[in-house]
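Asks: Compute the structure for the input listed below.
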Amino acid sequence: MMNANENHGVIQQHAIQNTLEHLSGEIQILLQNENLYENRIRELSTNLGVFQTAYSAMEDRLRRQAEEKNELLHELNALKGLEKRVICLLDGDGMIFTQELMSQGQEGGLAAARKLTERVRQFISTNEGFEQYQLWVYLFYNKRGLLETFGRVGLTTVRAKFDDFMMGFNQAAERFIMVDVGGSKEAADAKLKVHLEDNIRLPQTYKIFFGGCHDNGYVHNLRSVVTSSLGHKLVLMPGYSDVAIDIRALQLPELRISELFITTKLVAPSYNVIATGPLPGLAPTTPKLTAAQPVCPPTTPPGISPFSGEGPGAVARRGSLPSYKSVLQTPLTMSTRFNCPTMEPSEGSSESSEASEIPFRLPRLTPPSPPKQRRINHQLPLSKHVPPPCTLFYLAQCRHGPSCKYSHEYILEAEHYQELGENAKKTPCKVTNEGGDCPFGDECVYGHSCPNGTTCYYLKLGKCKFIAGETSRFHTKPTLIFA
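Replies: From the prediction side, this is the model:
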């Protein structure tokens with residue numbers, strides 16, 4: 001029999017043999033799967049490279065998206081008003097720079113731009129407490145109308161230097177724009193209204209300084225802005241001392257720059273002043289009469305010498321010119337008796353066409369002194385007023401006096417005289433229209449030819465009021481003359 005020690009050794013040997021066999025089996029399995037594991041490792045390595053490339057691409061994409069996000073946030077901040085825009089909208093018919101600035105030409109334009117910028121900056125800084133903004137200035141004007149006005153009031157230096165002044169103003173900054181809109185009626189008004197409506201609702205628009213306070217025609221647009229709860233963006237910038245009544249009633253804040261813009265309207269001297277002498281600073285002018293015209297003694301009011309003016313510097317001698325009424329009422333060598341036609345408020349034989357120059361009117365012998373005074377409604381043409389202004393009273397002599405069916409009571413300005421003259425030229429002169437020779441020629445208050453020339457619509461229908469003589473004579477464009 002085996003003793004206990006031998007038995008124990010056999011058991012241990014058997015256990016070791018089993019373990020070695022198990023390990024040998026495991027090794028065999030590992031050796032059999034080696035190729036499989038190597039292929040798996042290569043596959044995982046490849047996938048790792050793909051993932052690393054994708055990760056790098058995603059990083060680049062995220063970086064670009066971050067940059068785009070920052071740009072969008074920058075634009076959003078600008079739209080929210082962090083980059084504010086301040087706009088000046090100026091109507092050049094009522095915002096006229098001072099004579100001192102305009103007479104300096106280009107330097108004056110640059111100085112005007114600097115002064116405007118400085119005063120706007122002071123206003124914003126004082127009332128809002130910041131100075132970071134973009135300033136845009138739009139000034140729309142009628143160049144020909146302004147130059148004519150400068151000529152009529154005697155600002156010859158300003159008229160000569162105006163183009164240089166405009167150039168200097170436009171060159172002062174990229175966002176300063178001074179534009180001639182032409183002679184179309186209300187052309188500047190239309191542009192200002194559109195710019196007001198387009199800009200007031202933009203979130204980046206912080207303030208609009210509105211320079212059209214002389215004209216009640218803007219009140220509806222301004223009131224609409226106030227009603228839309230955008231009135232806090234509006235600041236009035238009056239040029240003239242007087243603000244239109246309806247605009248003043250809106251009670252908006254104001255910025256006045258009296259050293260930059262003239263404070264009173266430029267009004268041409270009325271034609272009664274021509275008879276008593278020139279205004280200070282105006283060159284003497286003498287109305288023209290053709291040598292072939294018959295001259296009849298005018299009716300001279302008591303106390304006025306027929307050969308002198310009424311004060312120092314009088315140049316247009318009252319006795320040297322006939323009144324419009326006296327010439328038309330005086331018989332000439334021909335048997336025809338000329339009579340002054342009665343002016344009707346009609347617009348003429350066709351639709352209105354603007355004259356390029358204001359017609360000459362013979363001087364009144366006595367200045368208009370109406371017992372009452374009426375103001376013009378700027379939203380209506382003169383012919384639509386009730387009653388309309390009397391053409392002869394303002395441009396020549398009205399023989400009807402207080403019994404005239406038209407009004408002698410209106411307070412007229414230069415543009416009203418121009419409108420009266422243009423409308424009068426649409427009414428045929430009775431003398432010429434009956435085949436006679438008007439002693440005043442082209443200086444006659446009334447028209448000697450159809451304003452629309454050969455394009456007259458009524459001419460084609462045979463209904464044009466300018467009917468006498470040869471058709472070609474009465475349907476040519478009239479020449480309007482300065483005296």
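Asks: Please enumerate the helices of the stretch 1-150 of the chain.
Replies: For the stretch 1-150 of the chain, the helices defined by DSSP state H, counting those that start in this stretch occupy 4-77, 99-102, 106-128, 143-153.
Asks: roughly how far is stretch 99-117 from the heart of the chain?
Replies: 19 Å (C-alpha atoms, centre = their mean, to the nearest Å).
Asks: Return the alpha-carbon coordinates of stretch 410-425 using PDB.
Replies: C-alpha atoms of stretch 410-425 as PDB (Å, rounded to 0.1, in the frame of the first residue of the first chain):
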ATOM      1  CA  TYR A 410     -53.600 139.300 -48.700                       C
ATOM      2  CA  ILE A 411     -50.000 139.500 -47.500                       C
ATOM      3  CA  LEU A 412     -47.900 138.200 -50.400                       C
ATOM      4  CA  GLU A 413     -44.300 137.100 -50.500                       C
ATOM      5  CA  ALA A 414     -42.000 136.700 -53.500                       C
ATOM      6  CA  GLU A 415     -43.200 133.300 -54.500                       C
ATOM      7  CA  HIS A 416     -46.800 134.600 -54.500                       C
ATOM      8  CA  TYR A 417     -45.900 137.400 -56.800                       C
ATOM      9  CA  GLN A 418     -44.300 134.800 -59.100                       C
ATOM     10  CA  GLU A 419     -47.400 132.600 -59.000                       C
ATOM     11  CA  LEU A 420     -49.600 135.600 -59.800                       C
ATOM     12  CA  GLY A 421     -47.400 136.600 -62.700                       C
ATOM     13  CA  GLU A 422     -47.400 133.100 -64.100                       C
ATOM     14  CA  ASN A 423     -51.100 132.800 -63.800                       C
ATOM     15  CA  ALA A 424     -51.600 136.200 -65.400                       C
ATOM     16  CA  LYS A 425     -49.500 135.100 -68.400                       C
END
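Asks: list the buried ones in that stretch?
Replies: Buried residues in stretch 410-425, counted by 16 or more other C-beta atoms under 10 Å: 410, 412-425. C-betas here are computed from N, CA, C, even on glycine.
Asks: gap between the two ends of stretch 416-434?
Replies: 29 Å (C-alpha to C-alpha, to the nearest Å).
Asks: what does stretch 165-181 give?
Replies: 17 Å.
Asks: residues near the residue lying closest to residue 263 once chain neighbours are set aside, how many?
Replies: The spatially closest residue to residue 263, leaving aside those adjacent along the chain, is residue 241, at 4.5 Å (C-beta to C-beta, 6 or more residues apart in numbering). Look at residue 241: counted by other C-beta atoms under 10 Å, it has 12 neighbours.
Asks: Tell me the one of the buried residues of stretch 410-425 nearest residue 34?
Replies: Of all the buried residues of stretch 410-425, residue 415 has the smallest distance to residue 34: 106.4 Å, by C-beta to C-beta.
Asks: any idea whether the closest one is helix, strand or coil?
Replies: Three-state call for residue 415 (DSSP: H, G, I helix; E, B strand; the rest coil): helix.
Asks: same question, residue 209
Replies: strand.
Asks: thinking again about what came up before, single out the most deeply packed of the helices of the stretch 1-150 of the chain.
Replies: helix 99-102 (a mean of 20; mean count of other C-beta atoms under 10 Å).
Asks: can you tell me the average pLDDT over that one?
Replies: For helix 99-102, the mean per-residue pLDDT is 94.
Asks: do stretch 145-158 as well
Replies: pLDDT averaged over stretch 145-158 gives 86.
Asks: roughly how far apart are residue 235 and residue 217?
Replies: Distance, residue 235 to residue 217, by C-beta to C-beta, to the nearest Å: 19 Å.
Asks: If you could redo that for residue 55, that was the one I meant.
Replies: Counting by C-beta to C-beta, the gap from residue 55 to residue 217 is 67 Å.
Asks: Please apply the same query to residue 121.
Replies: In terms of C-beta to C-beta, residue 121 sits 30 Å off from residue 217.
Asks: what do you get for residue 398?
Replies: 30 Å.
Asks: next one: residue 137
Replies: Relative to residue 217, and taking C-beta to C-beta, residue 137 is found at 21 Å.
Asks: Looking at those two, which is more packed in?
Replies: residue 137 (23 against 18).
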